[in-house]
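K.L.:
With the sequence up front, the predicted model follows.
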Amino acid sequence: MPESERLSIDPLRPEPAAIRLAGRILRSDGIICFPTSGLYGLGAIWDNERAIERIYAIKGRDRSKPILILVPSADEIPALVTEIPDVARRLMQRFWPGRLTLIFRAASHVSRHLTAGSEKIGLRLPMHPVAKAILQEAGVPLTGTSANLSGDAGCDVIESLSPAIRTAVDLVLDAGKLTGGAGSTVVDVTADPVRVLRWGAVGMNELREWIDS
């Protein structure tokens, strides 16, 4: 099976033509591989159940595991969640855009394809210029799950992208080597006190300072 189209893209000043192409593919039920923050991700429009089902199949991901969402701005959040706790507002103010994923109670219209039946949704505001440009072009939230087969390490350079993913997606945007390292720290703000579900780019001491303030 031939590889998907692969475009090199400037990581700091992404070319408008490439961003428009990504937008067209997303609006046509497509899936793109693109830089999110420190790692590459798989993007589809957040409420396109057909495309999200393809992502699960491409990754070999367990359907009981939810898929996080990237938002173009914090203004999108009220339409996706039932409430925004005060601690979530503090964390967003301090760490967004950045590598912190917050878990909220999902609004009733959010697809079970995203929540995996948990009735919760993970949201993040990415910092990478390419991700920000694509979200602006799409005008809606996108999936941001990592571009790897389930159980494998995340991908910080396209040369490490699994051939199975490279042939299954509709477009690969190559922004060069990313910062890599740990993925986002994941914090469930529906719990009281909040619970850290995964430690990552945001460390314990820094996070606690803002949780407890």
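P.N.:
Everything's here; your move. Predicted, not measured: the structure shown is a model, and the values here were computed from it.
K.L.:
drop to CA atoms for contacts and neighbour counts, all remaining ones
P.N.:
Will do.
K.L.:
now residue 162, nearest residue through space, not along the chain?
P.N.:
residue 148 (6.7 Å; CA to CA, 6 or more residues apart in numbering).
K.L.:
Quick check: phi and psi at residue 101.
P.N.:
Residue 101 adopts backbone torsions of phi -100, psi 130, taken as degrees, to the nearest 10.
K.L.:
ok, the spatially most central residue of the chain to residue 83 distance?
P.N.:
By CA atoms, centre = their mean, the chain has its centre lying nearest to residue 144, at 1.9 Å. Counting by CA to CA, to the nearest Å, the gap from residue 144 to residue 83 is 22 Å.
K.L.:
Same check on residue 200?
P.N.:
The gap separating residue 200 from residue 83 is 25 Å, by CA to CA.
K.L.:
Same question for residue 161.
P.N.:
To residue 83, residue 161 is 37 Å away according to CA to CA.
K.L.:
Below-threshold pLDDT in the protein: ranges please.
P.N.:
Per-residue confidence of the chain (counting by pLDDT under 70) places the weak regions at 1-3, 213.
K.L.:
show me where it has helices.
P.N.:
The residue ranges that make up the helices of the chain, judged by DSSP state H, are 16-27, 49-59, 86-95, 112-115, 129-138, 163-168, 204-211.
K.L.:
Nearest to residue 180, out of those?
P.N.:
Nearest to residue 180 among these is helix 129-138; the distance by CA to CA comes to 15.4 Å.
K.L.:
Pull the CA coordinates from the closest one and hand them back as PDB.
P.N.:
Below are the C-alpha coordinates for helix 129-138, written out as PDB (Å, rounded to 0.1, in the frame of the first residue of the first chain):
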ATOM      1  CA  PRO A 129       2.500  26.700  15.600                       C
ATOM      2  CA  VAL A 130       1.500  24.100  13.100                       C
ATOM      3  CA  ALA A 131      -1.200  22.600  15.400                       C
ATOM      4  CA  LYS A 132      -2.500  26.100  16.200                       C
ATOM      5  CA  ALA A 133      -2.700  27.000  12.500                       C
ATOM      6  CA  ILE A 134      -4.600  23.800  11.600                       C
ATOM      7  CA  LEU A 135      -7.000  24.300  14.500                       C
ATOM      8  CA  GLN A 136      -7.600  27.900  13.300                       C
ATOM      9  CA  GLU A 137      -8.200  26.700   9.700                       C
ATOM     10  CA  ALA A 138     -10.500  23.900  10.800                       C
END
